[in-house]
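Asks: sharing a sequence plus its predicted fold:
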Amino acid sequence: MGHVHVLDHPLIQHKLTHIRDKSTGTKEFRELVDEVAMLMAFEITRNLPLQETTINTPVMEAKTKVLAGKKIGLIPILRAGLGMVDGVLQLIPAAKVGHVGLYRDPETLKPVEYYIKLPSDIEERELIVIDPMLATGGSANDAIHSLKKRGAKNIRLMCLIAAPEGVEVIKEEHPDVDIYLAALDEKLDEHAYIVPGLGDAGDRLFGTK
Ligand code: PRP
Ligand code: URA
């Protein structure tokens, strides 16, 4: 079964409070999401495997460590996932980025896929699916199915805030996927918004609505 990791680092929690606050405007919201994404990336990559290498320091030859194993791919779910990509890239600048375009139909609340463009070697990469909100779980679930259909094998999911309902969907449908969150909130409201949440992530990031 996939694990759920709530990243409780004080800086993440402090910044998330300002992200949630409705008086935080677009510019500050964007900057904070970027910063939290970077801090989350630091935690998420904590268990990446290392291998030994030998280098020459100015003093002597030394055995040290570099990252081993699979290369990383970031898969933001459009549109709101885009707001977290640059933050993660600050720590993992060589990652390739694939995009999955999904929106949640406001009537049915079901995700509709309208775009997909992925690195050609996703089956060899450690993929991090990125979306600020995991509400009903429909969008992330569809995105992960789409990636698996195209050969992806190692997937983690990274969200700012999740509802328990969304977490259950991913655990059920994708027991191989670990979930990394800044917060696990209380519930969904009748419009499938996360409570207390932060409102509409895409609208707050891009200043729409
Ligand atoms: C939001 C959010 C997730 C989705 C979560 O996107 O960014 O992708 O809703 O909801 P779910 O777990 O119930 O599927 P939205 O559909 O508003 O599209 P946008 O990013 O283009 O604004
Ligand atoms: N999408 C959002 O942007 N916010 C929510 O609370 C739920 C889905």
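Replies: Cool, got the structure. Ligands and ions are numbered 1, 2, ... in the order given.
Asks: CA atoms for contacts and neighbours, from now on please.
Replies: Fine.
Asks: can you list the residues of this structure near ligand 1?
Replies: 78-80, 103-104, 111, 131-139, 166, 201-202 (Cα under 6 Å from any ligand atom).
Asks: burial count for the closest residue to residue 20 other than its chain neighbours?
Replies: Of all residues not flanking residue 20 in the chain, residue 198 sits nearest, at 4.3 Å (Cα to Cα, 6 or more residues apart in numbering). Residue 198 has 20 neighbours, counted by other Cα atoms under 10 Å.
Asks: you'd agree residue 198 is in a helix?
Replies: No - Residue 198: not assigned to a helix; according to DSSP: H, G, I helix; E, B strand; the rest coil it is coil.
Asks: how near is it to ligand 1?
Replies: Distance, residue 198 to ligand 1, by Cα to the nearest ligand atom, to the nearest Å: 11 Å.
Asks: ditto for residue 149
Replies: 19 Å.
Asks: return the residues of this structure in contact with ligand 2.
Replies: Residues of the chain lying near ligand 2 by Cα under 6 Å from any ligand atom: 133, 135, 192-194, 197, 199-202.
Asks: narrow those to those in strands?
Replies: If you go by DSSP state E, these have 133, 194 in strands.
Asks: mind listing what's buried in stretch 184-194?
Replies: Going by neighbour count (16 or more other Cα atoms under 10 Å), the buried part of stretch 184-194 is 184-185, 187-188, 193-194.
Asks: any buried residues in the longest helix anywhere in the chain, and which?
Replies: Longest helix in the chain by number of residues (criterion: DSSP state H): helix 26-44. Within helix 26-44, the residues that count as buried by 16+ other Cα under 10 Å are 26, 29-41, 44.
Asks: and the worst-scoring helix or strand of the chain on mean pLDDT, what other elements does it pack with?
Replies: In the chain, no helix or strand scores lower on mean pLDDT, DSSP states H and E than strand 99-104, which sits at a mean of 91. Packed against strand 99-104 by the contact rule (3 or more Cα pairs under 8 Å, 6 or more residues apart in numbering; DSSP states H and E) you find strand 71-78, strand 111-117, helix 138-149.
Asks: any chance of a markdown table for those, columns mean neighbour count, mean pLDDT and distance to residue 2?
Replies: A markdown table is the format used below for the helices and strands packed on strand 99-104 (neighbours: other Cα atoms under 10 Å; pLDDT from 0 to 100; distance: least, Cα to Cα, whole Å):
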| stretch | mean neighbour count | mean pLDDT | distance to residue 2 |
| --- | --- | --- | --- |
| strand 71-78 | 23 | 96 | 19 |
| strand 111-117 | 14 | 93 | 22 |
| helix 138-149 | 20 | 96 | 13 |
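Asks: just tell me which of those ends up closest to residue 178.
Replies: For residue 178, the closest of the helices and strands packed on strand 99-104 is helix 138-149, at 11.9 Å, according to Cα to Cα.
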